[in-house]
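J.: Sequence unavailable; structure follows:
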């Protein structure tokens, strides 16, 4: 038996933030990031709408990019003190992901982080609060997914948390919030959305429910991301919807080793954080070539659906990789980890351990081609130097 789960309600379109005036409840805590939602006035709007609906409102601010276990615990403690019946998070993927994890510790203070990193092992939520998510970036789609990514900086590891319990009750997808994204963030989040959709389409758990969502999202990213990157507001709006469709697909079909690699390399190097969407964009063409022996027909389907031409599935798959490479060039995304700036000696020192961790990542199980730690090490090495994947 399979399952397909989405938020009960998705409100979208310009001005849909105003939906907050219709929510029923008494206390709402709003979890936000470092200040862009306040700077552009959206946080004040949200607070005013909630107060108009009769809510007492408290803020938990300054969730950092790639939120930490420590931030999650601080937020949960604030919730335990305030006792909200709605948890509302607005901003990029980081505050929404953090708020999802806070929710679990708010309702179950005795649970441990080690419990939650086991896939689909969350306790039954909604005992105290419901969850509403409002994205400001067009990539993670965490507003419609059963996932959250939390970083343990002491270990240098990003942990994807997975459970249908943390799928939000309501998502508000208002493109006005996405218009504030800078170009680099637009590029990285857009390629994250493309990766979500492609990995969902070739996942071992793809289905007739997820395939149309994944393909439509792929079309929308290829159609709208360059113009969105260049600041076009209509394209920015369509990307905001396209990334949401990709989220619906991968939340139910799951992902693959592009994400496994991104999770385990993002915080691994002393030269600094590799933004998640940037890492996905770098790894995606290499992983397609690795997976082709198991999923070439599916990649060829994608290529045909976006108008690429080729006589064989192998040729179509190669054309798809070329198209992704071309988009990375347009978006100023490096082709290799070396070009990104990872130091060679440190990469060589850490790659074997990172490979083991990546194989153990929650996303690896639904990848179309099984992979060993030795193969993962070879694949990561290809992404460092830009060498061909031929194994």
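T.: All right, it came through fine. Note that the structure is a prediction, hence the values are computed from the model and not measured.
J.: Would you map out the domains in this structure?
T.: 9-178, 183-385 (automatic domain parsing).
J.: In the protein, which helix is the longest?
T.: helix 276-305 (DSSP state H).
J.: Pull out the buried positions in that helix.
T.: Buried positions in helix 276-305, judged by neighbour count with 16 or more other Cβ atoms under 10 Å: 276-292, 295-296, 298-303. Any C-beta I mention is one placed from the backbone N, CA and C, and that applies to glycine too.
J.: Give me the residues contacting the helix or strand just after it.
T.: As assigned by DSSP states H and E, the chain's next helix or strand after helix 276-305 is helix 313-330. Helix 313-330 is contacted from outside by 191, 194, 222, 225-226, 229, 281-282, 284-285, 288-289, 292, 296-297, 299-300, 302-304, 306, 308-310, 334-335, using Cβ atoms under 8 Å, 6 or more residues apart in numbering.
J.: Kindly recompute the last result at 7 Å.
T.: Residues from elsewhere that reach helix 313-330, judged by Cβ atoms under 7 Å, 6 or more residues apart in numbering: 225-226, 281, 284-285, 288-289, 292, 296-297, 299-300, 302-304, 308, 310, 335.
J.: Skip ahead from that helix and say which helix or strand is next.
T.: Assigned by DSSP H and E, the successor of helix 313-330 is helix 337-340.
J.: buried residues in that next one?
T.: Under 16+ other Cβ under 10 Å, the buried positions of helix 337-340 are 337, 340.
J.: Please apply the same query to stretch 28-44.
T.: 28-34, 36-37, 42-43.
J.: Could you list which of these belong to strands?
T.: 28-31 (DSSP state E).
J.: still on that earlier bit, quick one: which of the domains of the chain is nearest residue 1?
T.: domain 183-385 (11.9 Å; Cβ to Cβ).
J.: so how far is the closest one off the chain centroid?
T.: 11 Å (Cα atoms, centre = their mean, to the nearest Å).
J.: start to end distance for that domain?
T.: From its first residue to its last, domain 183-385 covers 27 Å (Cα to Cα, to the nearest Å).
J.: Same check on stretch 362-379?
T.: Start-to-end, stretch 362-379 (Cα to Cα) is 18 Å.
J.: could you give me the average pLDDT of stretch 8-25?
T.: Average pLDDT, stretch 8-25: 97.
J.: ok, and for that stretch, which residues are buried?
T.: 10-11, 16-17, 19-20, 23, 25.
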